[in-house]
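# A predicted structure for the sequence below; I have some questions about it.
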Amino acid sequence: MAEERDMDERRRRRDEDDEEYRGGDRDDRRGSTYDERHDRTRETMPIDKDDAAFVLGRGGSTKKKIARVCGADLELNEHDLVLEIVGTDKERSRAKDYLKFVMQQRVGPVSIDLSNGEARDDLTVVDVPEDCVGFVMGNRGATLRRMEEDWGTLMFFAQVNEQGSDESEKLCIFGTLRARRGAELKVMSAVEHKHPGHFVRGETLLEGHRINGDAGEEDWRTDTMVLTDENFSYALGSKGSTRKKLAKASGCIIEYVGRLACFCGDRKDRRRGKDYMKWLIAQRTGSVSVDTEDRDDVLAIDVPTDSVGFITGYRGESLRRIEAGSGTFCFTDGQGEDKEKRTERVLIFSHDELNRRKARRIIEDKIEEHKDINRRGPRGGGGGYRDRYDDRRGYDRRDYDRRDYDRRDYD
């Protein structure tokens with residue numbers, strides 16, 4: 001009877017989750033609603049043949065990138081050489097700006113005039129040392145293109161003329177505040193690796209000059225945490241996988257600049273990012289217990305003690321796959337086994353409730369899978385499933401190769 005009740009409860013929760021996925025409009029989480037977009041209008045601009053090919057890019061990639069960053073829809077009529085722009089006044093204005101900058105790249109250096117002091121809330125300017133420009137660009141601009149793709153930005157070096165200063169070449173990053181800050185920290189990480197001390201002095205992150213309009217919201221800032229060499233390698237993971245996992249689960253921009261872990265976002269995002277990082281580092285040398293009572297970013301699931309090893313897997317590999325498939329950060333509660341229930345708690349953390357539910361469903365399915373295995377009995381050999389696979393001493397060890405440290409797409 002107890003198993004039937006558990007199954008009924010799981011079915012009920014699954015039906016609720018399915019309804020949430022089908023009925024929920026997740027676009028509003030990104031600030032895109034019908035009310036904001038219904039006033040979009042259309043305008044056209046002529047374009048010559050050479051510029052048309054350059055703006056289109058290979059397979060339409062450049063046009064798509066510009067449209068993604070400005071928010072407008074772009075359609076290029078290659079026969080009539082007319083570019084159609086559909087969007088709000090702000091979106092169309094930005095589209096024309098970005099198109100102008102891209103077309104300038106075809107014939108020479110780009111020049112951006114900020115001398116009138118007018119605020120731009122779509123631009124971040126980064127001062128990159130001359131000996132690091134090629135490193136940041138990558139072979140034929142490949143590294144910069146990957147950053148654009150990762151963050152949804154438009155990035156290029158340009159001659160920038162600011163009010164009260166001489167014109168100089170700087171890296172310009174166009175996009176939303178979140179996209180710009182993520183790309184900026186990625187560039188700072190690359191520069192600091194190539195030119196130590198440019199952005200980090202001791203335990204301080206040296207953030208550069210902000211142009212007028214780039215200050216962001218009052219609650220938006222960057223916090224830092226110093227990492228030891230051992231903790232750095234552990235928190236990075238193979239090819240940055242652990243860092244990316246914590247960033248996705250927390251909703252916080254997380255990047256490593258030198259040995260500083262940087263957490264960028266609003267206050268809630270930064271708190272989650274730093275909490276997840278502290279718990280991760282603590283797992284390197286022991287178990288972690290978390291007081292979840294006042295947190296809104298966690299689901300706790302009771303797992304039968306006999307199934308814990310099946311859920312976590314050897315060296316935590318199975319749990320890592322659950323995290324990757326759901327965008328969460330999961331670990332067993334350090335309080336240990338509930339002797340009366342014969343269960344242990346697995347904690348599922350994410351800023352996104354739907355991701356937490358997804359991880360819970362995967363874990364529930366694996367519990368049922370393990371029960372089925374036990375019902376069928378052992379398949380020869382001595383020792384049960386838990387004995388063979390539950391290496392708890394290596395529960396959350398993340399494999400890494402120190403040579404991977406900064407092969408972060410900068411080659």
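Good, I have the coordinates. Numbers count the residues shown, from 1 in each chain.

# how much space is there between residue 71 and residue 85?
From residue 71 across to residue 85, the span is 11 Å (C-beta to C-beta, to the nearest Å). Glycine gets a C-beta too; all of them are placed from N, C-alpha and C.

# quick one: which of the two has more around it?
Using other C-beta atoms under 10 Å as the criterion, residue 71 and residue 85 rank with residue 85 on top: 24 against 19.

# Mind listing residues that contact stretch 261-280?
Outside stretch 261-280, the residues that touch it by C-beta atoms under 8 Å, 6 or more residues apart in numbering are 178, 181-182, 185, 205, 217, 219-227, 234-235, 242, 246-247, 249-256, 288, 290, 297, 329, 331, 349, 351, 396.

# Residue 291: neighbouring residues, count only.
6.

# Now it. Its backbone dihedrals?
Backbone torsions for residue 291, taken as degrees, to the nearest 10, come to phi -80, psi 110.

# returning to what we had before: in helices, which of the contacts of stretch 261-280 appear?
Using DSSP state H, 178, 181, 182, 185, 234, 235, 242, 246, 247, 249, 250 are the members of those that sit in helices.

# now these as TSV including distance to residue 314 and pLDDT?
Output for the ones in helices among the contacts of stretch 261-280, formatted as TSV (distance: C-beta to C-beta, whole Å; pLDDT from 0 to 100):
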residue	distance to residue 314	pLDDT
178	37	96
181	38	97
182	34	97
185	34	97
234	18	93
235	21	95
242	17	96
246	22	97
247	26	98
249	22	98
250	26	98
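
# Provide a list of residues in contact with residue 112.
101, 158, 159, 160, 161, 172.

# How about residue 159?
Per C-beta under 8 Å, 6+ apart, neighbours of residue 159: 109, 110, 111, 112, 167, 168, 169.

# List the pairing partners of the longest strand along the chain within its sheet, with orientation.
Ordering each strand of the chain by length in residues (DSSP state E) puts strand 154-162 first. Next to strand 154-162 in the sheet, as set by DSSP bridges, lie strand 110-114 (parallel), strand 168-174 (antiparallel).

# just the ones you listed: most buried one?
Using mean count of other C-beta atoms under 10 Å, the stretch among these with the largest mean neighbour count is strand 168-174, at a mean of 20.

# For the stretch 1-150 of the chain, give me the ranges with low pLDDT.
By pLDDT under 70, the low-scoring segments of the stretch 1-150 of the chain are 1-38.

# Can you show me the strands along it?
41-46, 73-77, 82-87, 110-114, 123-126 (DSSP state E, counting those that start in this stretch).

# and the angle for the third one with strand 41-46?
Relative orientation of strand 82-87 and strand 41-46, computed by axes from the mean of the first three to the mean of the last three C-alpha atoms, to 10 degrees: 150 degrees.

# so what does strand 82-87 touch, helix or strand wise?
When contacts are defined as 3 or more C-beta pairs under 8 Å, 6 or more residues apart in numbering; DSSP states H and E, strand 82-87 packs onto strand 41-46, strand 73-77, helix 89-107.

# pLDDT check: weakest of the contacts of residue 112?
Across the set of the contacts of residue 112, residue 161 stands lowest in pLDDT, at 88.

# wait, isn't that residue in contact with residue 116?
No. Between residue 161 and residue 116 there is no contact under C-beta atoms under 8 Å: 9.8 Å.

# how many degrees apart are the longest strand of the chain and helix 89-107 in direction?
Angle between the axes of strand 154-162 and helix 89-107 is 90 degrees (criterion: the same axes, to 10 degrees).

# Give the buried residues for strand 154-162.
154, 155, 156, 157, 158, 160, 162 (16 or more other C-beta atoms under 10 Å).

# Now render the contacts of residue 159 as a markdown table, adding distance to residue 358.
Output for these, formatted as a markdown table (distance: C-beta to C-beta, whole Å):
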| residue | distance to residue 358 |
| --- | --- |
| 109 | 47 |
| 110 | 43 |
| 111 | 48 |
| 112 | 43 |
| 167 | 51 |
| 168 | 48 |
| 169 | 46 |
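
# and which of the residues you listed is nearest residue 324?
residue 110 (38.8 Å; C-beta to C-beta).

# check contacts around the closest one.
Contacts for residue 110 (C-beta under 8 Å, 6+ apart) come out as 101, 104, 156, 157, 158, 159, 172.

# Go again with 10 Å.
By C-beta atoms under 10 Å, 6 or more residues apart in numbering, residue 110 lies in contact with 100, 101, 102, 103, 104, 156, 157, 158, 159, 160, 169, 172.

# Could you report the neighbour count for residue 195?
15.

# ranges for the strands of the stretch 251-400 of the chain?
Counting by DSSP E, counting those that start in this stretch, the strands of the stretch 251-400 of the chain are 253-257, 260-265, 298-304, 329-332, 343-349.

# Dump the last one to PDB, keeping only the CA atoms.
The one in question is strand 343-349. The C-alpha coordinates for strand 343-349 follow below in PDB (Å, rounded to 0.1, in the frame of the first residue of the first chain):
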ATOM      1  CA  THR A 343      16.500   7.100   3.800                       C
ATOM      2  CA  GLU A 344      19.100   9.800   3.000                       C
ATOM      3  CA  ARG A 345      18.200  13.200   1.600                       C
ATOM      4  CA  VAL A 346      19.400  14.300  -1.800                       C
ATOM      5  CA  LEU A 347      19.300  18.100  -2.100                       C
ATOM      6  CA  ILE A 348      18.500  19.600  -5.500                       C
ATOM      7  CA  PHE A 349      19.500  23.200  -6.000                       C
END
